[in-house]
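# sequence? don't have it. structure:
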Ligand SMILES: O=P(O)(O)OC[C@H](O)CO
C-alpha cells in the first residue's frame, strides 16, 4: 500500500473513532424548537466544523482514550454481593498480599545472593557468567509474575537467539517486559527511570544487554541507534526487544510505531500481548501512579491474566519503506491482540502540538467564519 493510501486509511480510522458531539448534546432540541432569536449550543457549534471538532475534543478524543485507565466493572452492587466483595478485600490484602511479599522477598534473596558473586567472581569466564546471569534474571522475573499470581498463556514458538532479529511488542506496562523476560532473557530498549527501577536498569539489567535512554534527549537517540546496530550484529547477544510505541497504551489501542526497529535491516518478530481485565487493569498510567504503586495494585488483586502471542517473523518487502513496514507489523499485532489502531504519535503525551498545526487550525476557523459572514 502506498504511503498516501496508508495515510488516508489512518485518517478515516481516526474519523471513525472521533466522538460524535451530537451524542453529548441534550436530545430532543432542534434549532426550530428554540424561541426566535435565542441561540442554542447546537447553533454555535454549527458555525464551523473546526469549532465542533474542538468541542468534541474537549468532551472526549481518541488520543486521550488511548491513555485512560479502564478498571474492571464494579460487581459489589447488591446486598448479597457486597459482603462477598468485603470478604475478598480481606483475603486479598491480609492473606494474599503478605504471602506475595514473602515470595518476592525470597526471590530477591536467592537472586542477589547468586547474582552478585557470579557477576564479581566470573569476570574471567564471560560466556559462563552471561549464561548464569541470564538464567537468574529469568528466574527473578518469574518471582515477580508469581507475586501477582500471573496467569500467562504463551502461544507460538518461543524466541530463540539468532543474529539480525528484533522482537517488537505492544506496550501496556513495564510488566510486559517482566512477562516476556521470564521466558527469554531479552535485551530491552527502554526509557531510563528514576528511583529503584533506575538502579535495577543500570546495574542488573545492563548485564543482559538492556539499553536505556532518555526520550527527551536528542543526543541519547543517536547513541541508542548506534547501540542497536551494534547489538543486532552480535550472534551471542540476547535477542533485542523493543516496544515501538515508546509509551504505555491502555491495551485497547495501539499508537504509531517508531520506525527505529524497522530500519535495522533485521527480521522483525512481532509479539502481541493482551491483558484480560477480569481482575485488574494492567495499564500503567505513569502520570498518575508510580511503578511501585502499580506493582502494589497488581499484588493486591486476585490475579493478572494475559495472553502472549509470538507471531510469524516479518521482513521488509521490496519497495516498502520502514514506516510502511512498521504500520504492517502494527496491524499484525493489533489484529492478533484485538486492539484498535489509531494514527497518533504516543510521544504527544509529553509535548504540545506544534505551532504550525495550531496555526493551520486557526486559519481554517477564521476562513469558515469569514465565509459565513460573506453569505449573510
Ligand atoms: O507510559 P510512559 O510514557 O511513562 O512509559 C513508561 C515506560 O517508560 C515504558 O516502558
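Thanks, I have it. The shown structure was predicted, so the numbers you read here are calculated from the model rather than taken from an experiment.

# Residue 122: what's it in contact with?
128, 129, 132 (CB atoms under 8 Å, 6 or more residues apart in numbering). C-beta: built from backbone N, CA, C; applies to glycine.

# sorry, that was for residue 85
75, 76.

# Could you give the separation of the longest helix along the chain from the chain centroid?
With secondary structure taken from DSSP state H, the chain has its longest helix at helix 97-121. How far helix 97-121 lies from its chain's middle: 28 Å, per CA atoms, centre = their mean, to the nearest Å.

# shift numbering so it begins at 160
All right, first residue 160 from here; so that's helix 256-280.

# beta partners for residue 347?
Residue 347 has the following beta-bridge partners by DSSP bridges: residue 400.

# Now do it against the ligand, distance only.
9 Å (CB to the nearest ligand atom, to the nearest Å).

# before we move on, the earlier item: reformat the contacts of residue 281 into a markdown table and put pLDDT, secondary structure and distance to residue 276 next to each item.
A markdown table is the format used below for the contacts of residue 281 (pLDDT from 0 to 100; DSSP: H, G, I helix; E, B strand; the rest coil; distance: CB to CB, whole Å):
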| residue | pLDDT | secondary structure | distance to residue 276 |
| --- | --- | --- | --- |
| 287 | 91 | helix | 13 |
| 288 | 91 | helix | 10 |
| 291 | 93 | helix | 10 |
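
# which other residues reach stretch 469-481?
162, 313-318, 324, 418, 421-422, 424, 426-431, 484, 487-488, 491-492, 495.

# What subset of these is buried?
313, 318, 324, 418, 421-422, 426-431, 484, 487-488, 491-492, 495 (16 or more other CB atoms under 10 Å).

# the helices in this structure, which residues?
Going by DSSP H, the chain shows helices at 162-176, 180-183, 200-205, 208-218, 221-225, 240-249, 256-280, 285-306, 334-340, 354-361, 377-392, 450-458, 481-496, 514-534.

# Packed most tightly, which of these would that be?
Greatest average neighbour count among these goes to helix 334-340 (a mean of 23), per mean count of other CB atoms under 10 Å.

# how far is that one from where the chain is centred?
12 Å.

# any weak-confidence spans in this protein?
By pLDDT under 70, the weakly predicted segments of the chain are 160-210, 212, 214-219, 535.

# If we use 50, what do you get?
160-173, 175, 188-191 (pLDDT under 50).

# Get me the contact residues on it for the ligand.
333, 349, 350, 406, 407, 445 (CB under 6 Å from any ligand atom).

# Let's have those in CSV, adding neighbour count.
Formatted as CSV, those follow (neighbours: other CB atoms under 10 Å):
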residue, neighbour count
333, 19
349, 20
350, 18
406, 19
407, 26
445, 17
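
# which of the residues you listed sit farthest apart?
The largest separation in these, counting by CB to CB, is between 349 and 445 at 12.2 Å.

# The ligand versus residue 485, what's the distance?
Distance from residue 485 to the ligand, by CB to the nearest ligand atom: 18 Å.

# so who does the closest residue to that residue other than its chain neighbours touch?
Nearest residue to residue 485 in three dimensions, chain neighbours excluded: residue 416, at 4.1 Å (CB to CB, 6 or more residues apart in numbering). By CB under 8 Å, 6+ apart, the residues touching residue 416 are 327, 403, 404, 485, 486, 488, 489.

# OK, contacts around the residue nearest to residue 305 when sequence neighbours are not counted?
Of all residues not flanking residue 305 in the chain, residue 262 sits nearest, at 5.4 Å (CB to CB, 6+ apart). Counting by CB under 8 Å, 6+ apart, residue 262 touches 302, 305, 306.

# Check the spacing between residue 262 and residue 301 real quick.
To residue 301, residue 262 is 10 Å away according to CB to CB, to the nearest Å.

# closest to residue 462 among the contacts of residue 416?
So of the contacts of residue 416, ranked by how close each gets to residue 462 (CB to CB), first place is residue 404, at 25.3 Å.

# okay, now the closest one: neighbour count?
Residue 404: 25 surrounding residues under other CB atoms under 10 Å.

# ok, it - contacts?
329, 330, 413, 414, 415, 416, 417, 505.

# dump the residue contacts of the last one.
This points to residue 505. Per CB under 8 Å, 6+ apart, neighbours of residue 505: 225, 404, 405, 406, 408, 414, 415.

# In the protein, which strand is the longest?
Counting by DSSP state E, the longest strand found in the chain is strand 426-435.

# if I read this right, residue 300 contacts residue 335, doesn't it?
No. Between residue 300 and residue 335 there is no contact under CB atoms under 8 Å: 11.3 Å.

# Residue 375 versus the residue nearest to residue 506 when sequence neighbours are not counted, what's the distance?
Excluding the flanking residues, the one nearest residue 506 by CB to CB, 6+ apart is residue 405, at 6.0 Å. Applying CB to CB, the value for residue 405 to residue 375 is 12 Å.

# These two - which one has more neighbours?
Neighbours of residue 405 and residue 375, each counted by other CB under 10 Å, are more numerous for residue 405; the result is 22 against 11.

# re earlier: let's have the helices of the chain in JSON lines, adding distance to residue 399.
What follows is the helices of the chain, written out as JSON lines (distance: least, CB to CB, whole Å):
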{"stretch": "helix 162-176", "distance to residue 399": "26"}
{"stretch": "helix 180-183", "distance to residue 399": "44"}
{"stretch": "helix 200-205", "distance to residue 399": "49"}
{"stretch": "helix 208-218", "distance to residue 399": "37"}
{"stretch": "helix 221-225", "distance to residue 399": "25"}
{"stretch": "helix 240-249", "distance to residue 399": "41"}
{"stretch": "helix 256-280", "distance to residue 399": "22"}
{"stretch": "helix 285-306", "distance to residue 399": "14"}
{"stretch": "helix 334-340", "distance to residue 399": "12"}
{"stretch": "helix 354-361", "distance to residue 399": "16"}
{"stretch": "helix 377-392", "distance to residue 399": "6"}
{"stretch": "helix 450-458", "distance to residue 399": "23"}
{"stretch": "helix 481-496", "distance to residue 399": "14"}
{"stretch": "helix 514-534", "distance to residue 399": "33"}
